[in-house]
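*Asks:* 3D model of this:
(one chain, ligands or ions: 1)
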Amino acid sequence: MTARLTYLDYNASAPLLPEAAAAMTATFAMSGNPSSVHRSGRAARAVIEDAREAVAALVNVTPSQVVFTSGATEANALALSTGPVVASAVEHPSVLAWSEAEAIPVSSDGVVDLAALEHRLKEFPHAVVALMLANNETGVLQPVEDAAGLAHACGARLHCDAVQGPGRLPVDFQALGVDTLSLSAHKFGGPKGIGALILRPGLELPAVVRGGGQERRRRAGTENLAGIAGFGAAAQAATRFLQDAPRVAALRDALEARLASSAPQARVFGHAAPRLANTSCVMLPGVSAETQLMRLDLAHVQVSAGAACSSGKIAPSHVLTAMGASDADAKCAIRISLGRDTTEEDINAFFSAWLPLALTAAA
Ligand code: PMP
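*Replies:* Coordinates of the predicted model:
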């Protein structure tokens, strides 16, 4: 019998939804290039435009505002390549890679310092400000609407990396008041390797991937038909998962309550800030994330250390050090992220594997 897997790493990637898999499979029999004018080309084009409508509806925009990209990394590049970029200190590496100015600090709870942003905008009035919707490591939510107001008052743009939002929070482009917003399908049940940049009406940005006229000349290259089809299906399903959010929140809160009572030396990052209801970033003093991950993996429990994007090597997370954690403490933090298939049994499996580490460390 194969052991039961406990997957608590939804912020790294969520399992593919059956409806996304079905939508992708249906495209494998389609031979046409979506740019071809014949019947087969038009059939492929229709799949893309249907998916565009679903993605647009997910974030309350019109379909012409959606540019399909190879993922959020590319969407972030498209939004930020015109710089200068003023980013918060807790952004994803695919955003920080574009930022030359010193990052905007965050509080010990991981929330961006708006006064520092306002001050920095005096130095860079025509900047592109990058502020994420929810942090991938801690789940901490950012005051995106307020930051957009500050940016616009100076003539700057605001880019929001909203990758961790869909299916967990309503993501309304218009209500956020941002200029650009990036999405990634695999974080909410779509396939890996497909995402989108949403543009405010009237805003055009120079293409990063240049060549053919696809995506209204905003992103060249024959479209990832299967990926786009799967993205559309996941976008349609995302509203359903919003309804499941209270159940996930109750599981996460129960997990944190159990942590506090059985391992009082453990600390949850961003605990006092508004946070995604599925994420818990836990530090166990004196026990490296590597040790925790290995112990958990032996018990078939899967979580991440800080950001999975830098996996292979576990360096202290820039997010946690920006929140004031020492390098040593940041190296002892793991991220537990729940999702649609998470059950109480998964939380129990986590505890049975993890608690002995906490008890040994405390002894
Ligand atoms: N931004 C955030 C907040 C993320 O969590 C991730 C995925 N780790 C990305 C961007 C990159 O997305 P993608 O995998 O689609 O390139």
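
*Asks:* near the closest residue to the ligand within the stretch 151-300 of the chain, how many other residues are there?
*Replies:* Nearest to the ligand in the stretch 151-300 of the chain, going by Cβ to the nearest ligand atom, is Ser184, at a distance of 3.3 Å. To be clear about C-beta, it is placed using only N, CA and C from the backbone, and glycine gets the same treatment. For Ser184, the tally of surrounding residues (other Cβ atoms under 10 Å) stands at 28.

*Asks:* who's in contact with the nearest residue to it once chain neighbours are set aside?
*Replies:* Nearest in space to Ser184, with sequence neighbours left out and distances taken as Cβ to Cβ, 6 or more residues apart in numbering, is Ala72 at 3.8 Å. Taking Cβ atoms under 8 Å, 6 or more residues apart in numbering as the definition of contact, the neighbours of Ala72 are 92, 94, 161, 163, 182-184, 195.

*Asks:* try Ala51
*Replies:* By Cβ under 8 Å, 6+ apart, the residues touching Ala51 are 228-229, 231-233, 235.

*Asks:* sorry, back to before: among the contacts of Ala72, which ones are in strands?
*Replies:* The subset of those located in strands under the criterion DSSP state E comprises 161, 182-184, 195.

*Asks:* JSON lines for these, including distance to Ser35 and pLDDT?
*Replies:* Compiled in JSON lines, these are given as follows (distance: Cβ to Cβ, whole Å; pLDDT from 0 to 100):
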{"residue": "Asp161", "distance to Ser35": "29", "pLDDT": "98"}
{"residue": "Ser182", "distance to Ser35": "24", "pLDDT": "98"}
{"residue": "Leu183", "distance to Ser35": "23", "pLDDT": "98"}
{"residue": "Ser184", "distance to Ser35": "24", "pLDDT": "98"}
{"residue": "Gly195", "distance to Ser35": "21", "pLDDT": "98"}
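
*Asks:* re the thing from before, tell me the one of the contacts of Ala72 nearest Gln142?
*Replies:* For these, the closest approach to Gln142 (Cβ to Cβ) belongs to Asp161, at 9.7 Å.

*Asks:* quick check: beta-bridge partners of that closest one?
*Replies:* When bridges are assigned using DSSP bridges, the partners listed for Asp161 are Ser182.

*Asks:* separation between Arg218 and Ala79?
*Replies:* For Arg218, the distance to Ala79 under the criterion Cβ to Cβ, to the nearest Å works out to 11 Å.

*Asks:* between the two, which has more neighbouring residues?
*Replies:* Legend: neighbour count by other Cβ under 10 Å for Arg218 and Ala79, higher for Ala79 (32 against 20).

*Asks:* get me the contact residues on the stretch 151-300 of the chain for the ligand.
*Replies:* Taking Cβ under 6 Å from any ligand atom as the criterion, the neighbours of the ligand within the stretch 151-300 of the chain are 161, 163-164, 184, 195.
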